[in-house]
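*Asks:* with the sequence up front, the predicted model follows.
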Amino acid sequence: MIRKSLKECPECGSPNIFRDQEKGETICRACGLVIEDRMVDFSQEWREFDDDGASKRRTGAPTSETSFDKGLGTEVGSAADFHKLGSDRERDRFFRLRKWNIRISTAIERNLKVALAELKRVSSFLKLPKSVEEEAARIYRLAVQKGLVRGRSMESVVAGALYAACRRHEVPRTLDEMGEASGIEKKEIGRTYRFVTRELEISIKPSNPADYIPRFASALKLSAETQSKSVEILEHARDIELTSGRGPTGIAAAALYVASLIHGEKRTQREVADVAGVTEVTIRNRYKELIKKLKLSKDVEKSKKK
């Protein structure tokens, strides 16, 4: 078996160690010593004992956090099977087994069944990737197991878990968008998000304003050059700590507005504000700060003369 702690050759002390997975040997490249010759092969075996040997599957369906039983449970038939049954006795037995199978489930399972369906709906509305959906389901499951849902609406905890998952996977979504999708006020989502992340000790980095640029630029139909320029402006602003203490959406929208003026792709402050979900006053204030601190007034004036 491979010793993970092995960092140098016991013979010559060289750190140049090679592990040959095919031969199962650990060799020192400096002196040629075979340190280990019996390594466990952890790769897939791909052996079949069926008659045909055509199938290469080694497991069943993959587990999923978005299913209340992680996809490992069983279900007694489906509605389509009802019509295949002949006698009334068989149909009564079918319904009885389905009923008891549902009743056996615990309160946590019943909560998860409803909550994860809501989570999938909100995730679909926001067009979030599968990885974010899985992470949000995992966070919600932990919150239920720790009793954090008690005293709070299920929808707000679902929205908070989704927002936390978005932040962890650097998939930018604003609280306004989350509120629109879930029907919960953004203040409530923010409170639940902070409570859940604190109680579950989930570490989340501050939002990067540059993550919002592609989405905003796409909505405003701006060119790739304008996008690159706005990211460059944000990097300069971060270097002089101009982004700290300010909302990421506001500073990102202002940088995009400045870049659009420089490249001659003029968009009104109202258009940019509507896309970013902030007010025109915020755009105006951040715009003035960027122009003054980064000394971009000359670049903007040049584009106006063109």
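*Replies:* Here it is on my side, so go on.

*Asks:* what stretches of the protein score poorly on pLDDT?
*Replies:* Residue ranges of the chain with pLDDT under 70: 1-5, 40-61, 71, 73, 77-80, 82-83, 102-105, 303-306.

*Asks:* domains for it, by residue range?
*Replies:* As assigned by automatic domain parsing, the chain contains the domains 1-41, 107-199, 209-305.

*Asks:* roughly how far apart are the spatially most central residue of the chain and Thr63?
*Replies:* For the chain, the residue sitting closest to the mean C-alpha position, by CA atoms, centre = their mean, is Val132 at 2.9 Å. The gap separating Val132 from Thr63 is 17 Å, by CB to CB, to the nearest Å. For the C-beta atoms, the positions are set from N, CA and C on the backbone; glycine is no exception.

*Asks:* what of Lys70?
*Replies:* Taken as CB to CB, the span from Lys70 to Thr63 is 5 Å.

*Asks:* those two: which has the busier surroundings?
*Replies:* Lys70 (14 against 11; other CB atoms under 10 Å).

*Asks:* doesn't the more buried one lie inside a helix?
*Replies:* No: residue state for Lys70 (DSSP: H, G, I helix; E, B strand; the rest coil) corresponds to coil; a helix is not indicated.

*Asks:* what comes up buried for the helix or strand harbouring Arg89?
*Replies:* Using DSSP states H and E, Arg89 sits within helix 88-104. By 16 or more other CB atoms under 10 Å, the buried positions in helix 88-104 come out as Phe94, Arg98.

*Asks:* neighbours around Ser228, how many?
*Replies:* Burial of Ser228 is recorded as 14 neighbouring residues (other CB under 10 Å).

*Asks:* what's the answer for Leu126, then?
*Replies:* For Leu126, using other CB under 10 Å, the count is 18.

*Asks:* which residues touch it?
*Replies:* Leu162, Arg173, Glu177, Met178, Ala181 (CB atoms under 8 Å, 6 or more residues apart in numbering).

*Asks:* change it to 6 Å
*Replies:* Listed by CB atoms under 6 Å, 6 or more residues apart in numbering, the contact partners of Leu126 are Arg173, Ala181.

*Asks:* in the protein, which spans are helices?
*Replies:* Assigned by DSSP state H, the helices in the chain fall at 79-82, 88-104, 107-126, 130-145, 154-168, 175-182, 186-199, 213-220, 224-239, 248-262, 269-276, 280-293, 297-305.
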